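S.K.: Could you look at this predicted model? Sequence included:
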There are 2 protein chains.
Amino acid sequence: MVNDNQEIRVAVFEDNPIMMDAYRSILNGSHGYRCTGSFTSCNNWKNDIEKSAPDVILMDIEMTGINGIKATGLIKQEFPEVKILIQTVFEDDDKIFEALCKGANGYILKNTSPVKMLEAVSDVKNGGVAFTPTVASKVVSLFHQFIAPMVTVVDYQLTAREKEILQLLTEGIPMPRIAERIFLSYHTVRDHVKSVYQKLHVASATEAVAKALRERLV
Amino acid sequence: MVNDNQEIRVAVFEDNPIMMDAYRSILNGSHGYRCTGSFTSCNNWKNDIEKSAPDVILMDIEMTGINGIKATGLIKQEFPEVKILIQTVFEDDDKIFEALCKGANGYILKNTSPVKMLEAVSDVKNGGVAFTPTVASKVVSLFHQFIAPMVTVVDYQLTAREKEILQLLTEGIPMPRIAERIFLSYHTVRDHVKSVYQKLHVASATEAVAKALRERLV
DNA sequence: TATAATATCCTTCAATTGGGGGATTGTCCT
DNA sequence: AGGACAATCCCCCAATTGAAGGATATTATA
């Protein structure tokens, strides 16, 4: 449901003049869209954005000077309400991740059709996100890698003792010291630790500590 | 690029016998796939999975007893290497999101064509993800929510090598393995680790890992 | 009452780690 | 040219850890 009685104002940052022309043509040739500014670098981003007052920014990643990802971070700090749609030829996990961290609202490839591109602009303008299918797939794997382990509260069925000792392990206290601290035999502490390893499916203290901290078990 | 000389072992959890038959036919009738188990509930999931030893599980959400999402969580805890492909008639964002949090590797609708279903199975088997486009939106907003506060406060002046090795330590990899991984002598890795300990003012791997994760140094 | 789970203690052996030392090469900066 | 530092390699020794056994007492639960 696109708002038809109001044009979406789009600013383009893109250092290739041919691409730039193409974008401007597509935008100004389509009902409901207007290209209010086109810039070949991000060096004057602040001024450019104030002048062009965009709802959505089409941002190239590969630019000389301030690159698109860095610019995204700066712009989002200064103009949080402006939506940013990243465009690039690369579908690189690291770049996608960085862009998402900087607050990008979408990530589309440069071979995206004009129709899809306009859809994406409209989607982000309306508070949605826009990703090409292959990028979306990468986003989900990033989700698994970074978010899922944080929000997922998995219950590993640790006993009170095991939790207590795992907690002390995450403080970096070696097992002999833990034993002294909680008045147990060194052997017993080790047994509990081994039991924790089994329940957590790990094989060392560093792994257990990493898992405990990442998954907020302690 | 599907591995053709090795069948993908698939177990199906589905309480509708007609659907179940359909899945089994599709799987066993397709080159490279084999249905190694079909179960009408998740009440015996542990035993069922041990018996059928699947690479991929086709998991129905709507089941009596233990539902598919809950089962996904349980299974992923016990058999983290098994890939789980959720299937449902509902395209419910919350359900999709929950499933992803539990570690599901994909989410497909029941009206998906057999060809697409097999593709999805093969995708998740190969470490990919398979899901409907609508999931991306939720995933991204969570990304922003959790990534935003990830800001490093203190700079311990670690060198690139030191950061690299600290990063591997936080994955729980022991030093001999790290050395192999990055093609360095075991001694050199240990030297870098020692140097990290000095800079972080810690005295063990667990301490270093805890500090690195807590202060988001990696 | 039997069984399971928890908690406690122990031994042995091999692998890994922590701390100390020393050494060379190359780079960057003054 | 000299100094600081990063990166690489090595040795030794003691402490810690991981894996695999075996053992007993208590408690809860079926």
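M.R.: Cool, the structure landed. Note that the structure is a prediction, hence the values are computed from the model and not measured.
S.K.: and stretch A:165-184, is it in reach of DNA strand C?
M.R.: Yes. Against DNA strand C, stretch A:165-184 shows contacts by C-beta under 7 Å from any atom of the strand at A:Leu184. (Each C-beta comes from the backbone N, C-alpha and C, glycine too.)
S.K.: Tell me the span between the first and last residue of that stretch.
M.R.: Distance across stretch A:165-184, first residue to last, is 11 Å (C-alpha to C-alpha, to the nearest Å).
S.K.: Now do the buried residues in that stretch.
M.R.: If you call a residue buried by 16 or more other C-beta atoms under 10 Å in any protein chain shown, then stretch A:165-184 has these buried ones: A:165-166, A:168-170, A:172-173, A:175, A:178-179, A:184.
S.K.: any low-confidence regions in chain A?
M.R.: Applying pLDDT under 70 to chain A flags the ranges A:1-5, A:133, A:147-153, A:218.
S.K.: for DNA strand C, what are the nearby residues on it?
M.R.: Counting by C-beta under 7 Å from any atom of the strand, chain A comes close to DNA strand C at A:157, A:159-162, A:184-188, A:191-192, A:204, A:206.
S.K.: what do you get if the cut-off is 10 Å, keeping everything else the same?
M.R.: Selection of chain A residues close to DNA strand C by C-beta under 10 Å from any atom of the strand yields A:157-165, A:172, A:174, A:179, A:182-192, A:194-196, A:199, A:203-207.
S.K.: near DNA strand D, from those residues?
M.R.: Restricting these to those within reach of DNA strand D (C-beta under 10 Å from any atom of the strand) leaves A:172, A:174, A:179, A:186-191, A:194, A:196, A:203-207.
S.K.: if I look at A:Phe90, how far off is DNA strand C?
M.R.: 28 Å (C-beta to the nearest atom of the strand, to the nearest Å).
S.K.: on that earlier part again, emit the ChimeraX select command for whichever of the ones next to DNA strand D among the residues of chain A next to DNA strand C are buried.
M.R.: Of these, the buried ones can be selected in ChimeraX as follows, counting by 16+ other C-beta under 10 Å:
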select /A:172,179,189,190,196,204,205,206,207
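S.K.: quick one: what helix or strand has the residue positioned nearest the centre of chain A in it?
M.R.: Geometric centre of chain A, nearest residue: A:Leu100, 2.9 Å, by C-alpha atoms, centre = their mean. Here A:Leu100 is covered by helix A:93-101, with elements defined by DSSP states H and E.
S.K.: Which elements pack onto that helix?
M.R.: helix A:68-78, strand A:106-109, helix A:133-142, helix B:135-147 (3 or more C-beta pairs under 8 Å, 6 or more residues apart in numbering or on different chains; DSSP states H and E).
S.K.: and the angle from that helix to helix A:68-78?
M.R.: Comparing the axes of helix A:93-101 and helix A:68-78 via axes from the mean of the first three to the mean of the last three C-alpha atoms, to 10 degrees yields an angle of 10 degrees.
S.K.: ok and helix A:93-101 relative to helix A:133-142, angle-wise?
M.R.: 80 degrees.
S.K.: buried set for helix A:93-101?
M.R.: A:95-101.
S.K.: can you check stretch A:211-218 too?
M.R.: Within stretch A:211-218, the residues scored as buried using 16+ other C-beta under 10 Å are A:211-213, A:215, A:217-218.
S.K.: from the residues you listed, which is closest to chain B?
M.R.: Lowest distance from chain B to the buried residues of stretch A:211-218 (C-beta to the nearest C-beta) belongs to A:Leu213, with 4.3 Å.
S.K.: So the closest one: helix, strand or coil?
M.R.: Assigned state for A:Leu213: helix (three-state reduction, DSSP: H, G, I helix; E, B strand; the rest coil).
S.K.: Contacts only, for it.
M.R.: A:170, B:209-210, B:213-214 (C-beta atoms under 8 Å, 6 or more residues apart in numbering or on different chains).
S.K.: ok so, going back, for the helix holding A:Leu100, which outside residues touch it?
M.R.: By C-beta under 8 Å, 6+ apart, the residues outside helix A:93-101 that reach it are A:61, A:68-69, A:72, A:86, A:88, A:107, A:135, A:138-139, A:141-142, A:146, B:140, B:143-144, B:147, B:150.
S.K.: Next, count neighbours for A:Ser52.
M.R.: By the criterion of other C-beta atoms under 10 Å in any protein chain shown, A:Ser52 has 17 neighbours.
S.K.: dump the residue contacts of A:Gly65.
M.R.: Contact analysis of A:Gly65 by C-beta under 8 Å, 6+ apart lists A:41-43.
S.K.: Ranking by neighbours, what's the top pick from those?
M.R.: Sorting these by how many neighbours each has (other C-beta under 10 Å) puts A:Cys42 first, at 25 neighbours.
S.K.: So that residue: helix, strand or coil?
M.R.: Of the three states, A:Cys42 takes coil under three-state DSSP.
S.K.: So it sits against A:Phe13, correct?
M.R.: Yes. Assessed by C-beta atoms under 8 Å, A:Cys42 is found in contact with A:Phe13 at 5.7 Å.
S.K.: which residues do those two both contact?
M.R.: Common neighbours of A:Cys42 and A:Phe13 (criterion: C-beta under 8 Å, 6+ apart): A:63, A:68, A:71.
S.K.: wait, what's in contact with the second one?
M.R.: The contact partners of A:Gly68, by C-beta under 8 Å, 6+ apart, come to A:13, A:42, A:59-62, A:86, A:88, A:99.
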